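Participant: Quick one: sequence and predicted model below, then my questions.
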Amino acid sequence: MSQRALDLLQMMAKEGGGCSPNVVAYSTVIRGFFKEGETGKACNLFHEMMQQGVEPSVWTYSSIIDALCKARAMDKAELVLQQMVNKGVQPNNVTYNCMIHGYSTSGQSKEAAKLLREMKSRDLIPDIVTRNSFLASLCKHGRSKEAAEFLDSMTAKGHKPDIVSYRILLHGYASEGCFADMIDLFNSMESNGIAADCHVFNILINGYAKRGMTEEAMLIFTEMRGQGVSPDVVTYSIVIAALSRMGRLTDAIEKFNEMTALEVQPDTTVYHSLIQGCCIDGDLVKAKELMFEMMNGGIPRPNIVFFNSVINSLCKEGRVMDAHDVLDLVIGIGERPDVITFNSLIDGYCLVGKTDKAFKILDVMKSVGVESDVVTYSALLDGYFKNRRIDDALTLFREMPRKRIKPGTVTYGIMLDGLFRAGRTVAAKKMFHEMNESGTTVDISTYNIILGGLCRNKCADEAITLFQKLRAMNVKLNIKILNTMINAMYTVQRKEEAKDLFSAMSANGLVPNESTYAVMIRNLLKDGAVEDADNMFSSMDNSGIIPSSCLINDIIRMLLEKGEIAKAGNYLSKVDGKRISLEASTTSLMLSLFSRKGKHQEDIKLLPAKYQFFDGFG
């Protein structure tokens, strides 16, 4: 009711005399306006106060700084702080708390640290709220190691962390997957006189559960009970969701029964996790039972958005019949499927190669009064192309205007990619011309498809011409296009241009990725530039880019075929059988080269010792 307070303030100003509003009155109303989100009115009143000759106090300034910090307007907050100091009003703990909290929540840890130092220089001691705010900022931005150092420095200086401090750092460690540090910190709590509460255990359990470490999460759950801490609805929610995701539905239901026996009331999240688990597991009877239980408890049952997520997950796994069963359940409980439901089913049928059934979904949609959209047709077109039914895709595409559905950028992208992959280059070019004529946006993904398609269909010269036009038009290119064009230039023997394009990447604000280096290395090896290829691999390694197993195998085979046995041996030493393993074609080539009848049988000793067993094959 700050407006009524302002009316009263103005009445006081009119009366004058002993009733004239003082700094406390003005500050109270200004703070009220800020609390109600009326920033403009608060600022106007602050200026009016100054004009009336009432000097703001540290409390007034702190109120304004607090509001600006909460609005993330840190530049303006800094100006007010400076104005405050210039007026001879010294900031206090509250002022600094507001500023540090503002910088911390904005992720500006350096500025927050600077203010902490400034506080100390003014003999102001940051309270635990300020310190925790700074701690949270570091953890939020993946700097838990620095947060731990700050916590240690707090303790060393006699500022005892509270349970909130520990929660913040535990959550930071959990988010970064630093589980050893997380458990060490947890174990140190008791010796520091801080008893772990339910919130602490929830952080630990959730940290493990999010990483799929269900067994570790369950051990913490057991320890929680052992320490006499009772799990709450959040604890059970995390545990039940983790077990359901792992397909351990029986265990999830057991935990559900346990929580209800302990009179911990299940919430929407718990029911959703269980119902989703039941649907994925195929136990639709139990899913239906849980839904009725929800409604009887006054909790709204899952809506179509929830079921669409379940149906989509099943369809992506190719379990379309199970998804159909879920759809029957949806209809059975009186929920109405929407276009997203049917689009997921179409995707699912196309994924398993049943495009005829996917097409029949259009009739089902019509019968239940759901209008198909551009996504529906795009999914069908994609399915037809993936199942090599090119003519059916073209027929369906021509039907879209009759259904008053206009193809979008994604639809044209599917058509272009499908036609190029089918080798129908002329039809693809014609489709691209049609796309331009229709006024449909041609984005960078479309150019990726066209340039890649032209190169795959031995039209590298055309691709290079289009690429040069795009550069002249200052189209912002991405790394995928440059990788494609480097390869195209090598294909038509424009090697120097390819190298120049690679060298110019950083100037275009792009960073080479694994595919970039792979294109360069393979083409250099094809040209016999073995040393250059080696140097390129070293550059990739120095950039911290991890080579794929496929690239290592390609390099080994190309070097072996060129008789560069020692160099091939260097790359064989990178094979660890886990992340990088030998492909069958690499093993076959080695057998033919190093067996007793192979032409490089004598060079077997140049390979790492573990591969010298090839010498025994004849």
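Facilitator: In hand now; what should we look at?

Participant: can you pull the contacts of residue 323?
Facilitator: 310-311, 314-315, 344-345, 348 (Cβ atoms under 8 Å, 6 or more residues apart in numbering). (Glycine included, C-beta is placed from N, CA and C.)

Participant: what separates it from residue 59, distance-wise?
Facilitator: 61 Å (Cβ to Cβ, to the nearest Å).

Participant: same thing with residue 492?
Facilitator: Taken as Cβ to Cβ, the span from residue 492 to residue 59 is 75 Å.

Participant: Please apply the same query to residue 170.
Facilitator: Taken as Cβ to Cβ, the span from residue 170 to residue 59 is 35 Å.

Participant: who's more crowded, these two?
Facilitator: Per other Cβ atoms under 10 Å, whichever of residue 170 and residue 59 has more neighbours is residue 170, with 25 against 17.

Participant: so where does the more buried one fall, helix or strand?
Facilitator: helix 163-176 (DSSP states H and E).

Participant: what packs against that helix?
Facilitator: Counting contacts by 3 or more Cβ pairs under 8 Å, 6 or more residues apart in numbering; DSSP states H and E, helix 163-176 packs against helix 128-140, helix 144-156, helix 179-191, helix 198-210.

Participant: Using JSON lines, please lay out these together with mean neighbour count and mean pLDDT.
Facilitator: Formatted as JSON lines, the helices and strands packed on helix 163-176 follow (neighbours: other Cβ atoms under 10 Å; pLDDT from 0 to 100):
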{"stretch": "helix 128-140", "mean neighbour count": "22", "mean pLDDT": "82"}
{"stretch": "helix 144-156", "mean neighbour count": "17", "mean pLDDT": "84"}
{"stretch": "helix 179-191", "mean neighbour count": "14", "mean pLDDT": "91"}
{"stretch": "helix 198-210", "mean neighbour count": "22", "mean pLDDT": "94"}
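
Participant: need those in JSON lines with distance to residue 69, can you?
Facilitator: Shown next, in JSON lines, are the helices and strands packed on helix 163-176 (distance: least, Cβ to Cβ, whole Å):
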{"stretch": "helix 128-140", "distance to residue 69": "11"}
{"stretch": "helix 144-156", "distance to residue 69": "20"}
{"stretch": "helix 179-191", "distance to residue 69": "29"}
{"stretch": "helix 198-210", "distance to residue 69": "26"}
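
Participant: for the ones you listed, which one sits closest to residue 566?
Facilitator: Nearest to residue 566 among the helices and strands packed on helix 163-176 is helix 179-191; the distance by Cβ to Cβ comes to 41.1 Å.

Participant: quick one: the closest one to helix 198-210, angle?
Facilitator: On the basis of axes from the mean of the first three to the mean of the last three Cα atoms, to 10 degrees, helix 179-191 is oriented at 170 degrees to helix 198-210.

Participant: Report all helices and strands that helix 179-191 contacts.
Facilitator: helix 144-156, helix 163-176, helix 198-210.

Participant: nearest to residue 183, of the ones you listed?
Facilitator: Among the helices and strands packed on helix 179-191, the nearest to residue 183 by Cβ to Cβ is helix 198-210 (7.9 Å).

Participant: Give the other helices and strands that the closest one contacts.
Facilitator: Counting contacts by 3+ Cβ pairs under 8 Å, 6+ apart, helix 198-210 is packed against helix 163-176, helix 179-191, helix 214-226, helix 233-245.
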